[in-house]
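Participant: Kindly generate the corresponding structure for this input.
(one chain, ligands or ions: 2)
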Amino acid sequence: MRTYKELPSDAGSNIIGQVTAQMNRLQKRLASVKHTVAIMSGKGGVGKSALTANLATALTLKGSTVGVVDADINGPTLAKMMGVRSATLEYTPAGVKPAMTALGTKLISMDLLLAEDDAPVLWNAHTQKDAFTWRSTMEVGALREFIADTEWGTLDYLLLDLPPGTDRLPNVAELIPDLGGVVVVTIPSEVSQLIVKKSVTMARDILKVPIIGVVENMAFYVCQHCGEEERLFSTDEPLDTAFQQGLLGSVPFDPRLARSGDDGTLYLDEYRDTLASKVLMEVAEKVQAFFEKSP
Ligand SMILES: Nc1ncnc2c1ncn2[C@@H]1O[C@H](COP(=O)(O)OP(=O)(O)OP(=O)(O)O)[C@@H](O)[C@H]1O
Ligand SMILES: [Mg+2]
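Facilitator: Ligands and ions are numbered 1, 2, ... in the order given. Sure thing, here's the model as predicted:
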């Protein structure tokens, strides 16, 4: 398949000019962002979005200015998880004003642009079959607009919540060549670790993006009756040594964290003294320390 750069004629739409102008806008926006962090995992459903929401809140509670891009264009969940689904986006000459959580964390998500609850994201193509062929190109375009056209202001951190799949990070690396680093999320199951290792290889060896570290999510469960820690997944093996070396924290399964995500309340604000909150705040500190060491 040819790219837009190879088109002999663009029927007067000046597509190269449009994309170049938007890339320039994106670079200008990123100039006022200190650190960009992608939260990723090859595996689906391991808690990337929940972790992004909580990491963003933790950094905000620590006094940083934080923006979040819900880079899951097809299955956006962060507006609900962070309690801003009913926000109305305001358009100004400087760009779209992002939604803001009760604590002041900024968020942009496809969910804020969809009119109906059950409306799927449909790309404007001749048929949806054609749209499927162009999906990756269109997703990169949407992501580029999210970063470039949002009035982020000055940010200490811009977090990007990636959709599942080992092939998602290259899109982000293309848009943000000097991506600050990635936080990798896995659950303890061997199945998850197997897939997540592939995304680590993609980030570290192929894209040469710094790995900030690994979060082991749903690592264990604290029995609400006896207080004992129980494992949730079948494996008795400790986390793979490759992951242990860069471990940022092991977050327990806490039903209140799942409920906060469903209710759109901020778990870290509501439950400051739980074990999961403690670990999440430590993860945020390690992310900060990573950038203090390598500015
Ligand atoms: N530590 C945890 N304790 C309790 N619930 C959790 C925890 N981590 C995640 N969850 C819940 O598990 C579900 C799946 O998490 P989430 O949507 O964040 O996964 P994901 O990796 O982003 O999924 P996808 O691959 O579809 O993007 C959500 O309902 C979330 O609230
Ligand atoms: Mg998600």
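
Participant: contacts and neighbour counts: CA atoms only from here.
Facilitator: Noted.

Participant: so residue 253 touches residue 216, yeah?
Facilitator: No - using Cα atoms under 8 Å as the test, residue 253 is too far from residue 216 to be in contact (10.5 Å).

Participant: Which one's more surrounded, the two?
Facilitator: residue 216 (23 against 19; other Cα atoms under 10 Å).

Participant: Pretty sure that one sits in a strand.
Facilitator: Yes - Residue 216: assigned to a strand according to DSSP: H, G, I helix; E, B strand; the rest coil.

Participant: So it versus residue 42, what's the distance?
Facilitator: As for residue 216, its distance to residue 42 is 14 Å (criterion: Cα to Cα, to the nearest Å).

Participant: what sits up against stretch 283-295?
Facilitator: Residues outside stretch 283-295 that contact it (Cα atoms under 8 Å, 6 or more residues apart in numbering) are 35, 55, 58, 59, 212, 215, 248, 249.

Participant: Kindly recompute the last result at 6 Å.
Facilitator: With contacts defined as Cα atoms under 6 Å, 6 or more residues apart in numbering, stretch 283-295 is touched by 55, 59, 248, 249.

Participant: Flag every buried residue along it.
Facilitator: Across stretch 283-295, burial judged by 16 or more other Cα atoms under 10 Å covers 283, 284, 285, 286, 287, 288, 290.

Participant: ok, and of the residues you listed, which contact ligand 1?
Facilitator: Among the buried residues of stretch 283-295, not one lies near ligand 1 by Cα under 6 Å from any ligand atom.

Participant: Which ones among those lie within helices?
Facilitator: Of the buried residues of stretch 283-295, the ones assigned to helices by DSSP state H are 283, 284, 285, 286, 287, 288, 290.

Participant: Ligand 1: which of the residues you listed is nearest?
Facilitator: residue 283 (13.0 Å; Cα to the nearest ligand atom).

Participant: how much space between the closest one and residue 80?
Facilitator: Note on residue 283: its distance to residue 80, by Cα to Cα, is 23 Å.

Participant: Show me which residues of the stretch 101-250 of the chain sit near ligand 1.
Facilitator: Counting by Cα under 6 Å from any ligand atom, the residues of the stretch 101-250 of the chain lying close to ligand 1 are 163, 164, 217, 218.
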